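Asks: Quick one: sequence and predicted model below, then my questions.
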Amino acid sequence: MNNKKINKVLGNVIFYLGNIIVGLIFVSPLLWMLASSFKPELEIFSNLNSLSTFIPKNFTLANYAEVFQRIKVFTILKNTLIYIGIVLIGDLLLGSMFGYALAKMKYRFRGISLTIVIALMSMPVEAIILPLYIEMAQLNWVNTMLGLTIPFMMNCFSIYMFYSYFIGIPDELIEAAKVDGCGPIRTYFKIIMPISKTVFATVLILDFVSRWNDFMWPFLITTGEEKRTVQLAVQIFVGVSPIHYGVIMAVLTFASIPMILMYIFMQKFYVEGIASTGIKG
Amino acid sequence: MATLQRVNKKGKKEYSDNLAGFIMSSPAIILLVAFLIIPIIYTIYYSFFTYQVVRPDNIKFNAIGNYVKLFHDENFYVALKNTVYFTVIVVPVQCTLALVLALMVSSKKKGVAIFRTLYYSPQITSMVIIAVLWTILYNSNANTGLINAFLKSIGMQPIDFLNNPKTAMNSIIFMSAWQGAGYQMMIFIAGLNAIPTEQYEAASVDGADWFAKLIYVTIPGLINTIKYVLMITLIQAMKLFTQPYIMTKGGPRNATKTLVFYIYEQGFQKGNFGYACSIATVFFIIVVALSIIVKKISKTN
Amino acid sequence: MKKVLRTLGVLALGGMLAACGNSAGTTKQADSSSAGDGSSQAAESKSADGVTNVTIWSPTDTAAIEAWWVEKIDQWNKENPDIQVKREAIDRADSYAYENKITTATTSGNLPDILYVDGPMVSYYAANGITVPLDSYFTADDLKDFMPSTVQADTYDGKLYAIAPTESSVALFYNKDYLDKAGIEYPSDTDIKKAWTWSQFLDNAKKLTTDDYVGTNIIMDKGEGIIYALGQFFTEGGAEFVNEDGSKADGYVNSDASIKTAEYLNEFIKNGYANLDPVKDEFLNGKAATLLGGSWNIADLEKSNLNWGVSYFPVADDGKAASPTGDWAAAITRDSKNPDAAGKFLQWAMNSDNIASYASAVAKPASRTSSYEKMEGWDSGARALMKWQLQNTGVSRPRTPSYSVLSTDFSTAMLNIFAGADAKEELDNVAKNFDENYEMYYKK
């Protein structure tokens, strides 16, 4: 009995100590980024060889003040959110429909469609960005909201996420719906969608993060301050003098905040969502 | 009579199933065709032309000239080798790291959610931000690079992470594994939770220690999860671009020039659009072949 | 193909509308923004009421220059109701990104009327017919007032294709405290005969390197900055990048003189006297004792409390002197529907007064001699030295339509050499790629 207790305490000590140490090492780059964003420029590289580099000695908000002074933060946030919003509506709705069809509906060309989705999943946009632009120009969509958003509404990775989630849903559920006289499409919207919050949350977050970080396409397809998105604004601080590391750290921290908030609020769904797409894959 | 009716009914059912399937998939398929497949067709089409990118008025048919050049192009093989190297190393490294982390936080102890968040946090802040940050952290001088300052303080020589052809790709691999492992960790946690506890209890009765449990219970129980994780990591790894683009511009000495980066460099920087398209086409063929293999493997469950 | 695409686009939209009734609002919004916008497209440059619109693209700049643009365009638009000018600031982390944007727009006629391009790219855009000659807007008389290096850099095939308001130069900045500590005499800022020579530069960099800081900083950035800042060492070393008409690099960029120069520069990196990836503002932060810095660094240095001095761009041991030049220049594109309106605006924007205020705002040397009369602080100290270099030792970067290949490959080669590659092999490679590119696209 006593022995068991000691074992349990020992197990706890190892668990917490190990995780605290590994966890701190793991987030130290991000902690340094956060700390440096509150430091005056000359302090950032002054004491790298001691642990005190993770604590701002002369705490300042000047770096953030400069970020807000040099870019129109609210316009940029608004632009980015509109952009992400439109793309996400397409991706979540249409992508999930396709994913469901691939997983649960028996129709012609389903097998080949799935292979194509998997193949396209590893096709990076950088490889086809010029042809895509030429196409946009032929549609007269350059420098428009359409050109910015529509081409990225469909994302094979999301489709695959939906597919691998839906494939785990028991067939009996769908059969039961059919017995109740529910058509296959209505079954999806009335029965499947409401019970699949977790996968929607997961795709939402993953997609939000990747669209939030889009640089190349918004840069090429849009022109002008009215349409500037967050990552374009980040570029200004890296590329246009005066270049100050404190300010770069501040803008990087600032650009991470929405994603962190998103994660915190949706964590519960999200963890389950990732989980359920994985094990049945 | 009865038989005939059944056939009719079956035919109707097939028809309606087909229709429903088409309705559900067509919006997505139209978008995919319009904005992914058509650009790919363009890419294949232009790969047979000499096309200086700023001269759309002067495109010349070149038959398979670009491909002939490609198969004699040293840089192409370097890029292919780098892409394969990155993939072959990063996939096992990142997946092992993720599995170890998952084992560390799979218990139901208090505060475990905090640790999970810590390990997941590099994933929340995106590769673009991480790459800019790590370029600064990796600075070769101990006075200005955090990692080298640390190495110096424990008595090691500073490492020229991103400027030495021998270390540059490994530095990118290390950073990528750190950034991405949190995601795979989450999947592994779920996989671990799905293994019935009775199996562990049975193993305990047989006198198995933790290592034996890992080998005989955990790993076999995770086999499907592992397959899935390997597949998505593999696919992500093939399209490596952001890290070399931001951190090394493909250098030093081409050590981090990947296929996607090479396509970008030829098409944009050097204006050889037709040639870039031929590289993209070959890349696409590789990717399709890989997907078919991956699909075959995942079907064997 | 175009028609098929249109149909597909409409289909894609229609499909979405049909599929998701409740998202119609979003789509509508997207639609209206596409109709109301597109102001940066030259195609819509003339509106119904006879007003000509002129659009300008230039990279996002420092706050002072951004303010200059707003003020000047305001003034112009008020004085010229028939020609309305709009400028779009293009964000980019490096000049390559900006050029990618131009490249993309070129594929389908989406260029603005006026385009700012980096000096050495003038030939590339001119040779490819992307920009049009400006000779009718700037007479030979006008050009006499411009710096010789400006006119040289902006001319291709005997015609003026761009016009730059400012110039740039690179000089050697040093930290007085660190030189004192090492017992090194300050180099002169008034007599080029007392400037540091190559051997002195290398020697002093060695003496100045300590555990806390490096001897010098010679890497401005890893792109265009390599050929820009280090290229004039090659001129001083007796090498050239390409032949006279810019059609051949073999035997030039890989000549013996060129290889020797590359090896000389590598001494700094190889021995750790300079960092291969310096943090930005390394000199300003006291992490480097000297800096090959641009005229644009002066303003930041003046604001800092660093104890600094300036001297000439290092000269060859035999006394041969050269210095980097060149800056962004305005050009008119082939997509412009109203080149004359754009030309009129350029004539005004590039007059002596406007160049003086522009140059003052960015603290860069003006490209017009007469502008200096209206600018303060250019007759002594660091600024006077930059101006002197421009008038006496300035050399423009190689002028060739294959410049972008030369620049990317040359900087890759130099970085490879710094990382331990063989100089001859790397420079041979540059020559090979350049000649191949010229051969393929420009050979007559």
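Replies: Cool, the structure landed.

Asks: how about low-confidence regions in the chain?
Replies: If you meant another chain, say so; for now it's chain A. Low-confidence segments of chain A (pLDDT under 70): A:1, A:240-242, A:275-281.

Asks: that's the wrong chain, I meant chain C
Replies: Residue ranges of chain C with pLDDT under 70: C:1-48, C:93-95.

Asks: Quick check, the residue in the stretch 1-150 of chain A closest to chain B?
Replies: Going by C-beta to the nearest C-beta, chain B is nearest to residue A:107 of the stretch 1-150 of chain A, at 2.8 Å. C-betas here are computed from N, CA, C, even on glycine.

Asks: any idea which element the spatially most central residue of chain B lies in?
Replies: Nearest to the mean C-alpha position of chain B, by C-alpha atoms, centre = their mean, lies residue B:236 at 1.3 Å. Using DSSP states H and E, residue B:236 falls within helix B:223-238.

Asks: which is the next helix or strand following that helix?
Replies: Next along from helix B:223-238, by DSSP H and E: helix B:242-243.

Asks: Convert the C-alpha atoms of the helix or strand following that next one to CSV, please.
Replies: Using DSSP H and E, the next helix or strand after helix B:242-243 towards the C-terminus is helix B:259-264. Only the C-alpha atoms of helix B:259-264 are listed here, as CSV (Å, rounded to 0.1, in the frame of the first residue of the first chain):
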residue,chain,number,x,y,z
LEU,B,259,11.4,21.5,-56.1
VAL,B,260,8.7,24.0,-55.3
PHE,B,261,11.3,26.7,-54.6
TYR,B,262,13.0,25.9,-57.8
ILE,B,263,9.7,26.2,-59.8
TYR,B,264,9.2,29.6,-58.1
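
Asks: tilt between the next helix or strand after helix B:259-264 and helix B:223-238?
Replies: The first helix or strand that comes after helix B:259-264 along the chain, using DSSP H and E, is helix B:273-299. Relative orientation of helix B:273-299 and helix B:223-238, computed by axes from the mean of the first three to the mean of the last three C-alpha atoms, to 10 degrees: 180 degrees.

Asks: Now do the buried residues in helix B:273-299.
Replies: Applying a neighbour-count criterion of 16 or more other C-beta atoms under 10 Å in any protein chain shown, the buried positions in helix B:273-299 are B:273-284, B:286-288, B:290-291, B:294, B:298.

Asks: near chain A, anything from that helix?
Replies: Yes: with C-beta under 8 Å from any C-beta of the partner chain as the criterion, chain A is reached by helix B:273-299 at B:273, B:276-277, B:280, B:283-284, B:287-288, B:290-292, B:294-295, B:298.

Asks: helices and strands around that helix, which ones?
Replies: helix A:110-121, helix A:125-138, helix B:38-46, helix B:65-71, helix B:223-238, helix B:259-264 (3 or more C-beta pairs under 8 Å, 6 or more residues apart in numbering or on different chains; DSSP states H and E).

Asks: Now the stretch 101-250 of chain A against chain C: closest residue?
Replies: Residue nearest to chain C within the stretch 101-250 of chain A (C-beta to the nearest C-beta): residue A:137, separated by 3.1 Å.

Asks: Quick one: end-to-end length of stretch A:192-201, please.
Replies: 15 Å (C-alpha to C-alpha, to the nearest Å).

Asks: Report the mean per-residue pLDDT for stretch B:147-163.
Replies: Mean pLDDT, stretch B:147-163: 89.

Asks: what about dumping the CA coordinates of that stretch to PDB?
Replies: What follows is stretch B:147-163, C-alpha atoms only, in PDB (Å, rounded to 0.1, in the frame of the first residue of the first chain):
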ATOM      1  CA  ILE B 147      20.500  29.700 -29.800                       C
ATOM      2  CA  ASN B 148      24.200  30.300 -30.400                       C
ATOM      3  CA  ALA B 149      24.300  32.500 -27.200                       C
ATOM      4  CA  PHE B 150      22.900  29.400 -25.400                       C
ATOM      5  CA  LEU B 151      25.500  27.100 -27.000                       C
ATOM      6  CA  LYS B 152      28.300  29.400 -26.100                       C
ATOM      7  CA  SER B 153      27.100  29.700 -22.500                       C
ATOM      8  CA  ILE B 154      27.300  25.900 -22.100                       C
ATOM      9  CA  GLY B 155      30.800  25.900 -23.600                       C
ATOM     10  CA  MET B 156      30.100  24.900 -27.200                       C
ATOM     11  CA  GLN B 157      31.200  26.500 -30.500                       C
ATOM     12  CA  PRO B 158      28.600  28.600 -32.300                       C
ATOM     13  CA  ILE B 159      27.000  26.900 -35.200                       C
ATOM     14  CA  ASP B 160      26.500  28.600 -38.500                       C
ATOM     15  CA  PHE B 161      23.000  27.100 -38.800                       C
ATOM     16  CA  LEU B 162      21.600  28.600 -42.000                       C
ATOM     17  CA  ASN B 163      24.800  29.600 -43.800                       C
END
